[in-house]
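> Take a look and give me a structure for this.
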Amino acid sequence: MAASTSGVYQQLSYGAIVKLLKAWSVKYPNLIKVYNAQDTFGIASPGSCDEFLPCKQYYFRITNGETLPDIYRPEVFFSGALHGNERVGPTAVMEFARILLENYKEEDVAKQDIWLKKIVDTRSIYIMPSANALGYFANTREENGVDPNRDFPYNQEPNKCMKTTAARAINELWRKHIFQLSLTFHAGETSIDYEWGAYNHPPPYDQSPDERGFKQLAEASSNFASRFGNVKQYPTDRLGRDPYDVNGGMEDWAYAASWETKYIFPCKPSTAFFNGYPIAKTKYNNVSNRAMNFLVETSVSKDPPSSTYGTRASVFIPSDRNNNGHVSRNIRLALMMAEMVQPYIYILNENQLIEKSNTNNVANDLELLKHNYVWDVGGSYMVDETNLVWAYWPKDLHDGMSCHCFTENHETFASGHRPGYEIDPSKLHLKVASSIKNSPTRWINQPDYKITKRFLGQFSAKLPIAGTSTDNGGDSITVGDGNEIVVFIRAKVDSTWGKENTANAFPKVPPQTHVVQSRINPHWYGKSDDGCHGVQGSKWTYSKPICITNSRGKNEKIESAACNKFLNQFETSQKTLALQCPDQMMSEGSNNTIFGIDQALFLILTVAIGMVSLGLACYCKYFRRYGCWHCCRNKTLDSYIKSTDADGFFDDGGDENCRINNLTTGNDGDRIVVRSYQDSTLEEESSNTIISDEEEEDNRDAKQIEVEMVTQ
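Here you go, the predicted structure:
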């Protein structure tokens, strides 16, 4: 069930989730790719779910598939339900996905939210609505009696982890990816919690090396999620204090399995649990598990009524306390987490500005030189510094290629991190036109505002033009000087997250998460084992470039040839990467086997087995005595009884094709003779009852039956 026609959210069942995913995969093939852990990783099914089909841990990715492959696109993970009886999470993550998909395909540009679109363009969002698929289907906390959130190899005994398919499904997915930020939904109270949370880090030794980042992001998320009715805003704290300590929890595992290795004990579950699990799969590289992970306790009731879920419209108005609810506020929480995984720059009207820069028009060039650039810094908590910068474009360092080659093809490059195929600022002599320092982002100043007005233009600046009011002397631009100029906005953010007081941290090491290090450390770098997913740190975050010709040159043929060569190299590189990393792509037909073929085969086999069983039963009961013709006509036992003569003879009707015990009967009246010798206490009406060989053996003490074949 989806949100009703009135826009009120209602709880989605396991079956409804699968149907939605099937529909979305058809409707949005370039935005969503659906998988399940059984077909992708070979994980066993934990049991049966809808319509007696095997339960599957479905998961899916949302991103702009037309700009893939993109190794360094940041990845975010959302888990709806590790505990099957905690019901808000699956509906919240599915409705979060629905908003992203529907907004991206909104045909009315005026109605399309550019912030939501940017999230889809610049992130890979992975969602597993119900990792505990069996528990969610049956509305039980555990999977076959085992708690999935005690089943991970962090400070857990080797024989007590990876016993559930839920934990294995998440483990397999994380081994292949580099999730920088993750969110897992639970219920039983209301809170947003972060590391540490296991018994090896009890209070007061429970402060992690990423405390500052965890704390600030949790508080900002709580503010944005807001409150509704009598339900208060989420309190925030460390996991061990709220709700409680656990060993084998997903949260500490997701945060530290790649670096706090002395507490990672590879799992050796008994073969009684789905034939065991390879020990090598709980040995991790130093990249995969460094996520900034949060546990959200959505509600005091594990299964609050749908009347408290909220409405679709209220998602966009956090201050609407009457119509908000558990689902709508957790959609905002998910949006916040997707937003914060990586900083970015958004220039207001940037697409129109880039379009003007790509036209061969002197008037547009002049307008861009004098334009008042307005921008926002997203994906961050505090802006340490942001600049409007510019540089003369060095064609000699780019094989004679114009900077327009980048701006004209910015959608192809998707402004992602593509080493070798993006403008390298280190090759430019950048000049600062304007600098703004120590400015909080909107997440601090105005957390409670309408999402549809996400980009408000917090910063603005102009280029220094000689002879105008912006002339700053030696570093001003002379109009018509014949040089190409490239313009950027850049920003440094959240540097305080990297300045943790290690004296208070346990262990006493610097911050370890990708989220923190990738925004402050240019030397932070890592890839997944297959090389298909990566993370790259940077001191500065840059906007899309805007190229201003300033005066049309005379080398357009050379520039065009250089650009074509560059684009061909990029295309070849992408094709090679697509072959190396097919999972990156939105493969044609990739969703079909997830929903149809495997489960249809299961149904076919089930029906076939049932028919064979029925046939065998028919054979055992009737075939050996009465022949295939009567068996195929599906005669009941009573009908056979009634069709016998008074003397116990059964007339076969003279069917020439009927075979009885491999003897063919003809038209001469061959008959089966059944002679019964009954106990005197039996009722007369049962005197002609036919009893099978099996029944005869079971009832030998009660009566004797003599059966013989007679040919007359």
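> Quick one: neighbours of Lys118, just the number.
Counted with other Cβ atoms under 10 Å, residues neighbouring Lys118 total 18. Using the backbone N, CA and C atoms, a C-beta is placed for each residue, glycine as well.
> in what helix or strand does it lie?
Here Lys118 sits within helix 114-122, counting by DSSP states H and E.
> Report the next helix or strand after that helix in sequence order.
Later in the chain than helix 114-122, the nearest helix or strand by DSSP H and E is strand 124-128.
> And that following strand, how far out from the chain middle?
Chain-centre distance of strand 124-128: 2 Å, with Cα atoms, centre = their mean, to the nearest Å.
> Relative to it, what are the paired strands and their orientations?
strand 58-62 (antiparallel), strand 75-79 (parallel) (DSSP bridges).
> For the next helix or strand after the last one, name the packing helices and strands.
Next helix or strand after strand 75-79 toward the C-terminus (DSSP H and E): helix 88-104. Using 3 or more Cβ pairs under 8 Å, 6 or more residues apart in numbering; DSSP states H and E as the contact criterion, the elements in contact with helix 88-104 are helix 14-27, strand 58-62, strand 75-79, helix 114-122, strand 124-128, strand 179-186, strand 292-299, helix 326-340.
> what pairs with the helix or strand following the longest one, and is each one parallel or antiparallel?
By that I understand helix 326-340. Once helix 326-340 ends, the next helix or strand along the chain (criterion: DSSP H and E) is strand 344-347. Strand 344-347 sits in its sheet next to strand 372-378 (antiparallel), going by DSSP bridges.
> Need the contact partners of the biggest helix by length in the chain.
Longest helix of the chain, by residue count under DSSP state H: helix 556-580. Helix 556-580 has contacts (Cβ atoms under 8 Å, 6 or more residues apart in numbering) with 68-69, 71, 395, 398-402, 404-405, 408-409, 412-413, 418, 420-421, 530-532, 553, 584-585.
> Narrow those residues to those that are buried.
68-69, 71, 395, 398, 400-402, 404-405, 408-409, 413, 418, 421, 532, 584 (16 or more other Cβ atoms under 10 Å).
> Using CSV, lay out the strands paired with strand 124-128 together with mean neighbour count, mean pLDDT and distance to Leu295.
As requested, the strands paired with strand 124-128 are exported to CSV (neighbours: other Cβ atoms under 10 Å; pLDDT from 0 to 100; distance: least, Cβ to Cβ, whole Å):
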stretch, mean neighbour count, mean pLDDT, distance to Leu295
strand 58-62, 23, 98, 19
strand 75-79, 27, 98, 10
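> Tell me which of these lies nearest to Tyr14.
Checking the strands paired with strand 124-128 against Tyr14 by Cβ to Cβ gives strand 58-62 as the closest, at 9.1 Å.
> contacts for that closest one?
Under Cβ under 8 Å, 6+ apart, the answer for strand 58-62 is 17-18, 21, 24-25, 31-37, 97, 100-101, 120, 124-130, 133, 169, 173, 594.
> can you pull the contacts of Tyr35?
Tyr58, Tyr59, Phe60, Arg61, Ile594.
> Mind doing that once more with 6 Å?
Tyr35 is in contact with Tyr59, counting by Cβ atoms under 6 Å, 6 or more residues apart in numbering.
> How about Arg238: what's its closest non-neighbour residue?
Asp206 (5.1 Å; Cβ to Cβ, 6 or more residues apart in numbering).
> For Lys117, give me the pLDDT.
On the pLDDT scale, Lys117 is placed at 93.
> Kindly report the same for Lys621.
Reported pLDDT for Lys621: 49.
> Put the alpha carbons of the helix or strand where Thr40 lies into CSV.
Taking DSSP H and E as the criterion, Thr40 maps to helix 37-41. The C-alpha coordinates for helix 37-41 follow below in CSV (Å, rounded to 0.1, in the frame of the first residue of the first chain):
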residue,chain,number,x,y,z
ALA,A,37,21.0,-10.8,-1.6
GLN,A,38,19.9,-14.3,-2.7
ASP,A,39,20.5,-13.8,-6.4
THR,A,40,23.4,-11.4,-6.1
PHE,A,41,25.4,-13.0,-3.3
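> just for the stretch 401-550 of the chain, where's the confidence low?
Low-confidence segments of the stretch 401-550 of the chain (pLDDT under 70): 414-416, 445-454, 550.
> Kindly report the same for the chain.
Across the chain (using pLDDT under 70), the flagged ranges come out as 1-6, 414-416, 445-454, 550-554, 587-610, 612-712.
> Okay, strands next: where are they in the stretch 101-250 of the chain?
Taking DSSP state E, counting those that start in this stretch, the strands of the stretch 101-250 of the chain run over residues 124-128, 179-186, 189-194, 236-238.
> Distance from the chain centre to the last one, please.
Pointing back at strand 236-238 there. Mean-position distance between strand 236-238 and its chain equals 25 Å (Cα atoms, centre = their mean).
> quick revisit: which secondary structure elements does the helix holding Lys118 sit against?
Other helices and strands packing on helix 114-122, by 3 or more Cβ pairs under 6 Å, 6 or more residues apart in numbering; DSSP states H and E, are helix 88-104.
> in the helix it packs on, what's buried?
Neighbour-count burial for helix 88-104 [16+ other Cβ under 10 Å]: 88-101, 103-104.
> Domain map for the protein?
Listed domain ranges for the chain are 14-341, 344-580, 624-710 (source: automatic domain parsing).
> Make CSV out of those domains and add distance to Met611.
Shown next, in CSV, are the domains of the chain (distance: least, Cβ to Cβ, whole Å):
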stretch, distance to Met611
domain 14-341, 16
domain 344-580, 44
domain 624-710, 13
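> Looking at the ones you listed, which one is packed in the most?
domain 14-341 (a mean of 21; mean count of other Cβ atoms under 10 Å).
> Quick check: end-to-end length of stretch 194-212?
11 Å (Cα to Cα, to the nearest Å).
> Name the residues that touch it?
Taking Cβ under 6 Å, 6+ apart as the rule, stretch 194-212 contacts 155, 214, 218, 238-241, 245, 247, 249, 251-252, 255, 263, 294, 497, 500, 504-506, 509, 511-513, 516.
> try stretch 509-524
By Cβ under 6 Å, 6+ apart, stretch 509-524 touches 180-181, 209-210, 213, 259, 290, 292, 343, 493-495, 497-498, 500, 535, 537-539.
> where's the closest residue to Thr502 other than its chain neighbours, which helix or strand?
Using Cβ to Cβ, 6+ apart and skipping the chain neighbours, the partner closest in space to Thr502 is Lys508 (4.7 Å). Assigned by DSSP H and E, Lys508 belongs to no helix or strand.
> For Lys508, give its distance to Tyr205.
From Lys508 over to Tyr205 the distance is 11 Å, taken as Cβ to Cβ, to the nearest Å.
> cool, and Thr164?
Distance from Thr164 to Tyr205, by Cβ to Cβ: 29 Å.
> And for Leu579?
49 Å.
> Mind checking which of the buried ones among the contacts of helix 556-580 land in strands?
Using DSSP state E, the subset of these located in strands is empty.
> circling back: so which of the contacts of stretch 194-212 sit within helices?
Phe214, Ala218, Glu251, Asp252, Tyr255, Val516.
> Spit out the contact partners of the third one.
Residues in contact with Glu251, defined by Cβ under 6 Å, 6+ apart, are Gly197, Leu239, Asn293, Leu295.
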